[in-house]
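# The sequence and its predicted three-dimensional model are supplied below.
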Amino acid sequence: MERKGGRIRNMSMKDLILLTGRTINQGVALEGSKTGKENVRAAALCMFDKEDFKKLDVISGTPVKVTTDYGEVVVYSMISEEGPHPGIIFIPMGPWANQVVNPDSQSCGTPTYKGMKAQVEIVKDGKVLDALELTRKTLVEA
């Protein structure tokens, strides 16, 4: 926590549930390019319940680091248009979500895209990588 103008500001949130899925905006962006800026704007996001977002006390677009037992990724924060859904965050499917989902397909060929425990922290100087940068980073670390 940190003081901000006499208020205590939450720098992180724990015990969240991560869901992933496709969005309409993501589908539109993918028509252009999987590596373009439109795809970053459509898929490098973590969407929060409105009340949960207020607890973080940041503006929409602030980078946050999402961490699960399977990895971590820096994405842009925003308030979900759906809801209310306290305690649940959403990241559109794609390279950013792939960093934090359970890769075990349980013999069906599809990873577990929903229901992971997650935590989120504000990353003041965080950089949201584009799809190519994220892929390069992932390959180098592997």
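Yep, it's here. Residues are numbered from 1 along each chain as shown.

# All the helices of this protein, residue numbers only.
24-32, 37-43, 50-56, 95-98, 131-141 (DSSP state H).

# Lowest mean pLDDT across the ones you listed, which one is that?
Per-stretch mean pLDDT for the helices of the chain is lowest at helix 24-32 (a mean of 56).

# list the contacts for the residue most central in space within the chain?
Nearest to the geometric centre of the chain sits residue 46, at 3.4 Å (C-alpha atoms, centre = their mean). By C-beta atoms under 8 Å, 6 or more residues apart in numbering, the contact set of residue 46 is 64, 66, 75, 76, 77, 78, 89, 90, 91, 120. The way it works is simple: take the backbone N, C-alpha and C, and place the C-beta from them, glycine included.

# cool, residue 93 as well?
20, 21, 22, 26, 43, 113.

# Check the gap between the residue nearest to the centre of the chain and residue 60 for me.
11 Å (C-beta to C-beta, to the nearest Å).

# Okay, buried residues for stretch 100-107 please.
100, 101, 102 (16 or more other C-beta atoms under 10 Å).

# Stretch 125-134 now?
Neighbour counts over stretch 125-134 (16+ other C-beta under 10 Å) mark 128, 129, 130, 131, 134 as buried.

# I'd like those residues laid out as a markdown table, including distance to residue 13.
Below are the buried residues of stretch 125-134 laid out as a markdown table (distance: C-beta to C-beta, whole Å):
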| residue | distance to residue 13 |
| --- | --- |
| 128 | 18 |
| 129 | 22 |
| 130 | 26 |
| 131 | 26 |
| 134 | 23 |
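
# from those residues, which two are the most distant?
Across these, the longest distance by C-beta to C-beta is 10.7 Å; it joins 128 and 131.

# Kindly state the beta-bridge partners for residue 63.
Beta-bridge partners for residue 63, by DSSP bridges, are residue 76.

# neighbours of it, just the number please.
Using other C-beta atoms under 10 Å, residue 63 is surrounded by 18 other residues.
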